[in-house]
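Colleague: Any chance you can model this:
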Amino acid sequence: MATVGTFCFDGANFAQATSLYTDSALTNLAPDGYYAQGTISRRQLNGVLLASAACSSCVPPCGTGVATSVSNNGLFSSQFGLGEDVGAVIIYLYAYAQLPDGILATYNNTTYNRLTCTDNDGTVVTDGSTYPGQNNQGTGLPTYVGTTNANLIAQSPYNVVPGASCVASQQLRNFTFDGSTYVDQGTSVTKTVVAAQQGTTGSGFNRIFTMVIPKTAATPAILGLEIYAPLCTTQFDYNLYCPALLTSFSASAEQLNASCAAEVATYYFAKNATLVSGAIVPDFNPFPAEGNFVFTTNTGSNYLNDTSTDKFYILNNSTYIKVRHGVVIQTGSCL
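Modeller: Below is the predicted model:
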């Protein structure tokens, strides 16, 4: 079993250091062996640190639920170990009633900022979009969801150096998740928010937002997650589930109307979640419902009909789903 100790290194950080020492004068080399700090693991051999490697056991595991409330603003960073299983990693985010929060996931050098929610329609999603984040694809920036607040854009850029209390346009304080809570790092960072990052309009506060990250191989096994809260006094909850194969359903080939047709293919969908007595609870629908992401693969690596043209798929229970940009936008009985 690993033990915790205090060591000194001769570099700007552990990843760039040449050697580890047991004293601050850097005269006594630490014993040869494996050392880890954060998500970085390195072996010291003959007094020299070898190349760094990601350490999946050094971070909290998936299957984690996190609830946070602070009087400040912040950039809340975390990393989670996903294990070796393949499948879809599903994140459910609840941004509460008062303020919008941004979310950005990073896995295998790819960023994810695409979300959906139950009853994904014009009362929740930014006008002209099929899902929150549609106008934000390819930017590598967080998508903001929750109740719309004009100050999110009006106070940008967030470049005011933080003081004793949180003020408008303040830099985001850096918080890092240690496995149980977010710890203030005592530093801050300037951020800018633009209109394209706003994923919701009106009152989306009672919605749980769903993100799907495909994990198609055993490695890499670490996912990074950032929650952006530029406005003072933030609160958010999220659940991050371990990789699992998505629920399948049989349906027809794509068509331009709701006429009944025989199923000829297998597709997959990610269930949304609902807030029940203050807890995030995944839905139990056996077939895709309005607002669900749908896919052609069981890991969520390829969206079904990820185009702006509406397509119909007839299910084996004589109902149809209408899909646009990988989202179910309507259901009903086939004709």
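
Colleague: all strands of the stretch 51-200 of the chain, in order?
Modeller: 53-54, 64-70, 74-81, 87-94, 101-107, 110-112, 116-117, 143-145, 172-177, 182-189 (DSSP state E, counting those that start in this stretch).

Colleague: Need the winner for burial among the ones you listed.
Modeller: For the strands of the stretch 51-200 of the chain, the largest average neighbour count (mean count of other CB atoms under 10 Å) is found in strand 143-145, namely a mean of 29. Yep, even glycine has a C-beta here, placed from its N, CA and C like the rest.

Colleague: hang on, the earlier thing: take the strands of the stretch 51-200 of the chain and write them to TSV, including mean pLDDT and distance to V294.
Modeller: TSV is the format used below for the strands of the stretch 51-200 of the chain (pLDDT from 0 to 100; distance: least, CB to CB, whole Å):
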stretch	mean pLDDT	distance to V294
strand 53-54	66	32
strand 64-70	87	26
strand 74-81	93	25
strand 87-94	97	12
strand 101-107	96	20
strand 110-112	97	17
strand 116-117	92	10
strand 143-145	94	19
strand 172-177	92	31
strand 182-189	90	34
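
Colleague: among those strands, which is nearest G291?
Modeller: G291 lies closest, by CB to CB, to one member of these: strand 116-117, at 5.5 Å.

Colleague: Pairing partners for that closest one, with directions?
Modeller: For strand 116-117, the paired strands and their directions (DSSP bridges) read strand 209-215 (antiparallel).

Colleague: pull the CA atoms of the partner strand into CSV?
Modeller: Output in CSV follows, covering the C-alpha atoms of strand 209-215 (Å, rounded to 0.1, in the frame of the first residue of the first chain):
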residue,chain,number,x,y,z
PHE,A,209,-28.3,18.4,-17.8
THR,A,210,-26.8,15.3,-19.4
MET,A,211,-23.4,15.0,-21.0
VAL,A,212,-22.0,11.9,-22.7
ILE,A,213,-18.3,11.1,-23.1
PRO,A,214,-17.4,8.0,-25.1
LYS,A,215,-14.7,5.7,-23.7
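
Colleague: Report the next helix or strand after that strand in sequence order.
Modeller: strand 222-229 (DSSP states H and E).

Colleague: Quick check: chain neighbours aside, which residue is closest to Y238?
Modeller: L93 (4.6 Å; CB to CB, 6 or more residues apart in numbering).

Colleague: Does the one you found touch F236 like I think?
Modeller: Yes - between L93 and F236 there is a contact at 6.7 Å, judged by CB atoms under 8 Å.

Colleague: Which residues are in contact with each of the two?
Modeller: With contacts taken as CB atoms under 8 Å, 6 or more residues apart in numbering, the residues that reach both L93 and F236 are 101, 227.

Colleague: residues contacting the residue nearest to Y238?
Modeller: Residues near L93 by CB under 8 Å, 6+ apart: 101, 103, 115, 145, 208-209, 211, 227, 236-238.

Colleague: Quick check: PyMOL command selecting the buried ones in the residues you listed.
Modeller: Buried subset of these, written as a PyMOL selection, criterion 16 or more other CB atoms under 10 Å:
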select buried, resi 101+103+115+145+208+209+211+227+236+237+238
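
Colleague: just the contacts of L93 now: which is nearest Y182?
Modeller: Distances from Y182 to these, taken by CB to CB, are shortest for I227, at 8.9 Å.

Colleague: Bridged to the closest one, which residues?
Modeller: Residues in beta-bridge contact with I227 (DSSP bridges): F76, I103.
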